[in-house]
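Colleague: heads up, no residue letters with this:
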């Protein structure tokens, strides 16, 4: 990943209070209190922006058990990450990357997991 892109992602992460991990062509802008990240995968002049995470079902289960308004909490997390993803997409496009934006499907998957947990 080119250094100017890494610096732009570092700036976005700092402004939004996120951590940034870069491993080769993959960057993750992560919330500090949730295992969900904006993932950026770069191959040549192409980039994919999506939500990525680990143990998301466990995280949602914990939120349902601990929060008075779990749906509102998860929606705030997803809104924040979606706004971050849009900002990342704008930076990538301004640098000449062809961007595939797959955030909506990730949001829908997480909402579906939340619905499943709320039904149980």
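Modeller: Cool, got the structure. Remember, it's a predicted structure, so these values are computed and weren't measured experimentally.

Colleague: Okay, and the beta partners of the residue most central in space within the chain?
Modeller: Residue closest to the average C-alpha location in the chain (CA atoms, centre = their mean): residue 38, at 2.3 Å. With DSSP bridges as the criterion, residue 38 is bridged to residue 29, residue 51.

Colleague: and what of residue 47?
Modeller: residue 42, residue 99.

Colleague: Helices of the protein, residue ranges please.
Modeller: For the chain, the helices defined by DSSP state H occupy 3-16, 56-66, 70-94, 103-119.

Colleague: residues in contact with the first one?
Modeller: In this case it means helix 3-16. 18-20, 22, 27, 29, 40, 42, 80, 84, 87-88, 91-92, 95 (CB atoms under 8 Å, 6 or more residues apart in numbering). Glycine gets a C-beta too; all of them are placed from N, C-alpha and C.

Colleague: To residue 46, which of the helices of the chain lies closest?
Modeller: Proximity of these to residue 46 was assessed by CB to CB; the nearest stretch is helix 70-94, lying at 9.6 Å.

Colleague: Thanks again, I'm all set now.
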